[in-house]
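Colleague: Model the following, please.
(2 chains, ligands or ions: 2)
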Amino acid sequence: MNAVEIENLRRVYRATIGTFRRSIKEVVAVDNISLAVQPGELFGLLGPNGAGKTTTVKMLTTLLIPTGGTARILGYDIVRQADQVRPIIGFIFGGERGLYWRLSGRDNLQYFADLYRVEPRVAKKRIPHLLELVGLKGRDDEKVEGYSRGMRQRLHIARALLHDPQVLFLDEPTLGLDPVGARELRSMIRDLSTQGKTILLTTHYMFEADALCERIAVINHGRIIALDTPAGLKRYAQDLSVVEVEVFGIEDNALEQIRALPAVEAVSVENQDQRQVVLVQSSHGSAVMQPLMEILAGMRVGKVVVREPTLEDAYVRLVGGEKGIAQVD
Amino acid sequence: MTGLLNWLRVFVRGAVLSYIALFRWFRPAQYTASKIVMPLNQILFFTLLGSYALGTNSAPFFAIGNSLQIAAVSGIYGVTMSVGGERWEGTLVYLFGTPASRMSIFLGRAFVHILDGMLGVILGLAWSGLLLGVDFSHTSLLALALTILITAASTSGLGLLMGAVSLAALETFFVNNTVYFLLLVFSGANVPLQNFPGWVQAFSYMLPLTRGIQAARQIVAGAGLSEVAPLLIGEAAVGAIYIGLGYLLFRTFETIAKRRGRLESF
Ligand SMILES: Nc1ncnc2c1ncn2[C@@H]1O[C@H](COP(=O)(O)OP(=O)(O)OP(=O)(O)O)[C@@H](O)[C@H]1O
Ligand SMILES: [Mg+2]
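Modeller: Ligands and ions are numbered 1, 2, ... in the order given. Reported below is the predicted structural model:
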């Protein structure tokens, strides 16, 4: 049996627009998604803003009724058997809302332990253990309103683990965590996976997906556009080579010229103080080097690196599609 | 058995925690103002005004009526905040993702407010005795206590319904002020019901508080429990109907919000 099985799942939102002359607009957030996650698998869901990741997770966690299609968690239907699904899943949605701010961290956990029907003697041991696991030990008697954003996020993670669920849904779990905290969380996610938990994770950080996930589905406009292992996804960018050029003060028309070169697939610019790192993805390997250098001839050029494509390159190619200039700050 | 124990834990712990977490007046200054100063002002104002207009022997009528009305401060404002406050905290998504009994969550939200409401009524009656000369020497205290309990509970029943309304309608204070005002006028706290036309009286008897106030007045005047029993049973029945309607709306809200994707908007 699959841990998560999704068949033709679809969700349409109806949004009213305008205040006086109201009209109804339909947004297809999830458009016939099908996939299966094996028990114990760590599965990633990637996609740009508004792709439908959160909507998918909400349906799988029984918080949103699908417009069409079905999904089962360990064999239980998410709509008809929602009561059987809820005790076996844990979930977090990135962000800091959704806690009782005027209660202490410990009281929040205590209440949710009751709501998840955790036996008091089990909760008594598990709550301190989880507080320690997420690094809130010693701060657990303080009210959540006095916590930092990252501390609240950690409390959410502890909350999701209270009833030792078999399947975990983590929607952008490292959002707002500092680099050390994010790294700790990643290793925690890996541990949970080693313990045999099935985990479905969404993230915007490619290295995170690359480092954690066994398989990844890339979704865009509510549809799965690729589903593979990280190595498999990188093959989408296999024929690409990526040239990174450090330039001090590049002009817009130079970028236009680069973009117009025949072998160039995509160009993006990363601004760092006075210098820019221009990323050129090309399909003809180093053939692009000479014309590129000719365009940059009059400018001060720093480091030039030719590197292997990463998961991010594959992702940008998949969801970016058209040849364009992306600005990254 | 473990199911029942868990039901009780969710009820009691949820009751206490949600009171602290969601009831925004639970801070020293706000609590004193809303639960003690405001109600006492109301009792004094209506009693002095009423005695001025109708003579001092009408003081008990107003004092007892307005003391019982204090139950509506906890029962309406307090309970509504403890139910509707979930939306402000953004906890609905997490709450409705748990397998917990919705009934124990919902009823728990009213529990502490019932006790709190009783305390308010008792304080009001004490002031009535001390400052306004209401005579409790013929009063069966047991019957009065039971009346206060039932009235505080039935008023909280209406509060539960208003709380469910505020979850669905995203609006709390306008609705609450209206309900509080309706109770003030139509429960008979300040106007003898027989002064109203028949259809208004019929409306009055659909509200909580109405029968409880009548029972309390009779008990203070010397009536025993058996004489006011029909009123108390009626008051309890009215409360039960509001609790039932509130629960129904609460469940309906969950279903509709999950269908429309509205658990998070506020
Ligand atoms: N409650 C809602 N009502 C109406 N439309 C919604 C609602 N929630 C989401 N949408 C729309 O559905 C689409 C998918 O949103 P969703 O939140 O699933 O995206 P996402 O992939 O999680 O994006 P992000 O990476 O920004 O979190 C978007 O177009 C969004 O505007
Ligand atoms: Mg999202």
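Colleague: what are the phi and psi angles of the closest residue to chain A within the stretch 51-200 of chain B?
Modeller: Of all residues in the stretch 51-200 of chain B, residue B:90 sits closest to chain A, at 3.3 Å by CB to the nearest CB. Quick note: C-beta positions are derived from backbone N, CA and C, even for glycine. Residue B:90 adopts backbone torsions of phi 70, psi 20, taken as degrees, to the nearest 10.
Colleague: for the closest residue to it other than its chain neighbours, what are its contacts?
Modeller: Distances taken as CB to CB, 6 or more residues apart in numbering or on different chains put residue A:97 closest to residue B:90, at 3.3 Å, once the chain neighbours are dropped. Contacts for residue A:97 were tallied using CB atoms under 8 Å, 6 or more residues apart in numbering or on different chains; they are B:89-91.
Colleague: Could you rank those residues by neighbour count and give me the top one?
Modeller: Neighbour counts for the contacts of residue A:97, by other CB atoms under 10 Å in any protein chain shown, peak at residue B:91, which reaches 23 neighbours.
Colleague: Test my guess that it contacts residue A:99.
Modeller: Yes: counting by CB atoms under 8 Å, residue B:91 touches residue A:99, with 7.0 Å between them.
Colleague: related to what we said a few turns ago, looking at the residue of the stretch 51-200 of chain B closest to chain A now. What's its pLDDT?
Modeller: What the model reports as pLDDT for residue B:90 is 88.
Colleague: what are the ranges of the helices in the stretch 201-329 of chain A?
Modeller: Assigned by DSSP state H, counting those that start in this stretch, the stretch 201-329 of chain A shows helices spanning A:206-212, A:230-234, A:252-260, A:289-295, A:311-315.
Colleague: How about the helix or strand hosting residue A:32, which residues are buried there?
Modeller: Assigned by DSSP states H and E, residue A:32 falls within strand A:23-37. Going by neighbour count (16 or more other CB atoms under 10 Å in any protein chain shown), the buried part of strand A:23-37 is A:28-31, A:33, A:35, A:37.
Colleague: same deal with stretch B:190-210?
Modeller: Residues of stretch B:190-210 classed as buried: B:190-191, B:196, B:204, B:207-210 (neighbour count, 16+ other CB under 10 Å).
Colleague: May I have the distance across that stretch, first residue to last?
Modeller: One end of stretch B:190-210 sits 11 Å from the other (CA to CA, to the nearest Å).
Colleague: Next, whichever residue of the stretch 1-150 of chain A sits closest to chain B: phi, psi?
Modeller: Distance from chain B to each residue of the stretch 1-150 of chain A (CB to the nearest CB) is smallest for residue A:97, at 3.3 Å. Here is the backbone geometry of residue A:97 (degrees, to the nearest 10): phi -80, psi 170.
Colleague: Against residue B:199, how distant is it?
Modeller: Using CB to CB, to the nearest Å, one gets 47 Å for the distance from residue A:97 to residue B:199.
Colleague: if we can go back for a sec, and the pLDDT at the residue nearest to residue B:90?
Modeller: 87.
Colleague: interface residues of chain B facing ligand 1?
Modeller: Proximity of chain B to ligand 1, by CB under 6 Å from any ligand atom, involves residues residue B:261.
Colleague: give the contact list for the residue of the stretch 151-266 of chain B found nearest ligand 1.
Modeller: Residue nearest to ligand 1 within the stretch 151-266 of chain B: residue B:261 (3.7 Å; CB to the nearest ligand atom). For residue B:261, the contact set (CB under 8 Å, 6+ apart) comprises A:11, A:13, A:55, A:58, A:64.
Colleague: Just confirm the fourth one contacts residue A:64, I think it does.
Modeller: So that's residue A:58. Yes: using CB under 8 Å, residue A:58 makes contact with residue A:64 at a distance of 4.0 Å.
Colleague: longest single helix anywhere in chain B?
Modeller: For chain B, the helix that runs over the most residues, judged by DSSP state H, is helix B:225-260.
Colleague: in it, what's buried?
Modeller: B:228, B:231-232, B:234-236, B:238-239, B:241-243, B:245-247, B:249-250, B:253-254, B:257-258.
Colleague: What about chain A: which of those touch it?
Modeller: Among the buried residues of helix B:225-260, the residues lying close to chain A (CB under 8 Å from any CB of the partner chain) are residue B:258.
Colleague: Run through the helices of chain B in chain order.
Modeller: According to DSSP H, the helices that chain B contains are B:2-22, B:28-31, B:38-54, B:59-69, B:71-72, B:79-89, B:92-95, B:102-131, B:141-169, B:173-186, B:198-204, B:210-220, B:225-260.
Colleague: buried set for the third one?
Modeller: It refers to helix B:38-54. Buried residues in helix B:38-54, counting neighbours by 16+ other CB under 10 Å, are found at B:39-40, B:42-44, B:46-48, B:50-51.
Colleague: nearest to residue A:49, of those?
Modeller: residue B:39 (50.7 Å; CB to CB).
Colleague: which residues does the closest one contact?
Modeller: When contacts are counted by CB under 8 Å, 6+ apart, residue B:39 touches B:66, B:69-70, B:73, B:120, B:123-124.
Colleague: middle-most residue in chain B, spatially?
Modeller: Nearest to the mean C-alpha position of chain B, by CA atoms, centre = their mean, lies residue B:75 at 2.5 Å.
Colleague: what sits against that one?
Modeller: Contacts of residue B:75 (CB under 8 Å, 6+ apart): B:110, B:113-114, B:117, B:152, B:155-159, B:208.
Colleague: ok, and the closest non-adjacent residue to it?
Modeller: residue B:155 (3.3 Å).
Colleague: My read is that the one you found contacts residue B:72, right?
Modeller: Yes: at 5.3 Å, residue B:155 counts as touching residue B:72 under the criterion of CB under 8 Å.
Colleague: so what sits against both of those two?
Modeller: B:117, B:183, B:209.
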